[in-house]
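Participant: Sequence plus predicted model, see below.
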Amino acid sequence: MTWHKKSSTRPRPASNGMNLGMNEVRVRFPPSPTGYCHVGTARMAILNYLFARKHKGTIVFRSEDTDRERSKGEYEADIIDSLHWIGLDWDEFYRQSERTEIYSHELDRLVSEKSAYISEEESKKEPGKMLHVVRLKNPGTLITFTDLIRGDITFDTRELGDFVIARSLSEALYHFAVVVDDALMRITHVIRGDDHISNTPRQILIQEALGVERPLYAHYPLHLGSDRAKLSKRTGDVSVRSYREAGFLPQALLNYVATLGWTPPSGKEILSLGEMVQEFDISDVHKSGAVFDIEKLRWFNRQYLLQMPREEFEATAQVELEKYVAARKLLWDPEIGRKLAPIVHERISVWSDVGSLVTNGEFDYFFSDPTLVSAKIPEKGSGAGEARRHLTTLHDKLSAAEPEIFSLPERLKDAVWEYATHEGRGKVLWPLRYALSGKERSPDPFVIASVIGRDAALRRIDAAIAAL
RNA sequence: GGCGCAUUCGUCUAGGGGCCUAGGACACUACCCUCUCACGGUAGGAACACGGGUUCAAAUCCCGUAUGCGUCACCA
């Protein structure tokens, strides 16, 4: 085992799977399908994934659907799909609803061994209805477990009393099902959010009653909403699918969520899944919760967008542009759309930004001639006469030049740059750019002209001259 | 309230007794590039929760206080 830092004072709990000797590392993804896959679910899966793959271990996906009323197949499918989308996979799959006989069998055993008992009580949910719940006989001991992230944690289990482990002999509750499954599936490391810390002594008590081995625990802090409270539907516990629909890249979401609360030893920010696996050490996971910052996610996403192969970017940009341009009732032109890719490239962080851009009318002039306000044609501090003179000259120069110069912004620039520099670039270029775009802010006129082509460019310059 | 966990720039963090005048990233601001916008480049503001110890020396070790969060189900 190698520490990448050394210290004699700070306790560094064993974090390396090798400590288990010959034992294979086995971890689990235990989502309960009571809602769509949210960022917290993804984080749970990522941390378990990194640890397992780092130690060449096995990952068990276990759908914890013991709550029949709240669990839905649709949610389970979404969780599986979302996790695959960000690049994760697993080796074994189980569904707790298909394992009820196993739990019943173990429940029977505990009752016959007298470490649990059946208690007839009135239902809390349905007053008047009598239930035969199963309660664990709590020996009331002090329990200390070692957490791979936070060190030793001690609880006095007397506070727990004889807690309920099953609603009836045939309906095991969460804690019981989890402990039975973890044992049967030979889970070696339980890596989960720290909202489970206080559940741990309860589960250890069940393990001891069952006579099974205790896995190693690692409780990482939950990430927080901007109010620093645990994420809920209210405070932005956003589903992975909503990020996907907003046009975030899976690698970006994966990278951001993984490094939210974990810093790799190299200090690198942009890492692939493979690099993260290599660098991962569970004890480097932070002990305090981090606030999820959408702005930083956007930055990560932009980095991945920038890395994307040109053809791939262009193809997706096409689809996005067409979608919004059509919605704006503008005439879609694939040729123009293709030329727009570089402009889109330097202006967006997320695909949905294309939507904002187009919807705000930022790109209208690429698809239809702008409506000009004559007072805005001349540069500020310059007059209509001067603007007309420059536009006329530019029109002459551009129409006289070879038509091919319209295929490249640089060539258009070459054609008029000397003139513009001599006359004052603002005085010449502002009217040109405004004539082409009808906007006070836009890409430079050479880029616009090369996108819309010779005919449209000359036509718009004429229109501006006429409007003056 | 009991129990548990945590606390470094607005946010994510580096830090493991002298290397800290506390480093980086996001965001922000200014400047440069530039007709405008965007991109890019450079610079800047911005933090060790508080109080006691220990030590020649504390962001770092100890104790206390405060604050925040979690959890106390016949949910998971």
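Facilitator: Perfect, thanks for sending it.
Participant: So which helix or strand of chain A has the lowest pLDDT on average?
Facilitator: strand A:151-156 (a mean of 87; mean pLDDT, DSSP states H and E).
Participant: So which bits of that strand are buried?
Facilitator: A:Ile153, A:Phe155 (16 or more other Cβ atoms under 10 Å). Glycine gets a C-beta too; all of them are placed from N, C-alpha and C.
Participant: do the same with stretch A:287-295
Facilitator: In stretch A:287-295, counting by 16+ other Cβ under 10 Å, buried: A:Gly289, A:Phe292.
Participant: What's the end-to-end length of that stretch?
Facilitator: 23 Å (Cα to Cα, to the nearest Å).
Participant: Show me how far it is from its chain's centre.
Facilitator: Remark: stretch A:287-295 is offset 13 Å from the chain centroid, using Cα atoms, centre = their mean, to the nearest Å.
Participant: Identify all contacting residues around the helix or strand hosting A:Ser356.
Facilitator: If you go by DSSP states H and E, A:Ser356 is part of helix A:352-359. Residues outside helix A:352-359 that contact it (Cβ atoms under 8 Å, 6 or more residues apart in numbering) are A:246-247, A:317, A:320-321, A:323-325, A:327-328, A:344, A:347-348, A:363.
Participant: same thing but at 7 Å, please
Facilitator: For helix A:352-359, the external contacting residues (Cβ atoms under 7 Å, 6 or more residues apart in numbering) are A:Ala246, A:Gly247, A:Ala317, A:Glu320, A:Leu321, A:Tyr324, A:Val325, A:Arg328, A:Val344, A:Arg347, A:Ile348, A:Phe363.
Participant: Can you verify my assumption that the first one contacts A:Ile348?
Facilitator: No. Taking contacts as Cβ atoms under 7 Å, A:Ala246 lies outside contact range of A:Ile348: 11.7 Å.
Participant: What ranges does the stretch 1-150 of chain A have for its strands?
Facilitator: In the stretch 1-150 of chain A, the strands defined using DSSP state E, counting those that start in this stretch lie at A:26-29, A:58-63, A:92-95, A:116-122, A:130-136, A:142-147.
Participant: What helices and strands are in contact with the fifth one?
Facilitator: In terms of contact count using 3 or more Cβ pairs under 7 Å, 6 or more residues apart in numbering; DSSP states H and E, strand A:130-136 is assigned the packing partners strand A:116-122, strand A:164-168, helix A:200-210.
Participant: phi, psi of the nearest residue to A:Tyr174 once chain neighbours are set aside?
Facilitator: What sits nearest to A:Tyr174 in space, not counting adjacent residues and going by Cβ to Cβ, 6 or more residues apart in numbering, is A:Thr66, at 6.2 Å. When read as degrees, to the nearest 10, the backbone of A:Thr66 gives phi -70, psi -20.
Participant: What about A:Asp195, how many residues nearby?
Facilitator: 12 (other Cβ atoms under 10 Å).
Participant: Low-confidence bits of the stretch 201-350 of chain A, can you list those?
Facilitator: Residue ranges of the stretch 201-350 of chain A with pLDDT under 70: A:229-237.
Participant: let's see 90
Facilitator: A:222-238, A:261 (pLDDT under 90).
Participant: Can you give me every residue that contacts the residue lying closest to A:Asp369 once chain neighbours are set aside?
Facilitator: Closest residue to A:Asp369 apart from its sequence neighbours, by Cβ to Cβ, 6+ apart: A:Arg460 at 5.8 Å. By Cβ under 7 Å, 6+ apart, the contact set of A:Arg460 is A:Asp369, A:Ala435, A:Leu436.
Participant: With A:Phe248 instead?
Facilitator: So A:Phe248 contacts A:Asn301, A:Val350 (Cβ under 7 Å, 6+ apart).
Participant: interface residues of the stretch 301-450 of chain A facing RNA strand B?
Facilitator: Counting by Cβ under 7 Å from any atom of the strand, the stretch 301-450 of chain A comes close to RNA strand B at A:346-347, A:379, A:420, A:425-426, A:429-430, A:432-433, A:440-446.
Participant: Among those, name the buried ones.
Facilitator: Among these, the ones that count as buried by 16+ other Cβ under 10 Å are A:Glu379, A:Ala420, A:Leu429, A:Trp430, A:Leu432, A:Arg433, A:Ser442, A:Pro443, A:Pro445, A:Phe446.
Participant: what secondary structure does the fifth one sit in?
Facilitator: Per DSSP: H, G, I helix; E, B strand; the rest coil, the secondary structure class of A:Leu432 is helix.
Participant: you'd agree it is up against A:Phe446?
Facilitator: No. A:Leu432 is beyond contact range of A:Phe446, at 9.0 Å (criterion: Cβ under 7 Å).
Participant: sorry, back to before: the least confident helix or strand of chain A near RNA strand B at all?
Facilitator: Yes. Applying Cβ under 7 Å from any atom of the strand, one finds strand A:151-156 in contact with RNA strand B at A:Gly151, A:Ile153, A:Thr154, A:Phe155, A:Asp156.
Participant: ok so A:Ile268 is a helix residue?
Facilitator: Heads up, residue A:268 is Lys, not Ile. No. Assessed with three-state DSSP, A:Lys268 is coil; it does not lie in a helix.
Participant: Which residue is the nearest non-sequential neighbour of it?
Facilitator: With Cβ to Cβ, 6+ apart, the residue lying closest to A:Lys268 is A:Glu275, at 7.3 Å.
Participant: which parts of the helix or strand where the one you found lies are buried?
Facilitator: Using DSSP H and E, A:Glu275 falls within helix A:273-279. In terms of neighbour count (16+ other Cβ under 10 Å), helix A:273-279 has its buried residues at A:Leu273, A:Met276, A:Val277, A:Glu279.
Participant: gap between that helix and the chain center?
Facilitator: Put simply, helix A:273-279 sits 17 Å off its chain's centre (Cα atoms, centre = their mean).
Participant: quick one: contacts of the following helix or strand past that helix?
Facilitator: Following helix A:273-279 in sequence order, the next helix or strand is helix A:294-307 (DSSP H and E). Outside helix A:294-307, the residues that touch it by Cβ under 7 Å, 6+ apart are A:Phe248, A:Leu249, A:Gln251, A:Ala252, A:Asn255, A:Tyr256, A:Ile270, A:Ile348, A:Ser349, A:Val350.
Participant: Cool, thanks, talk later.
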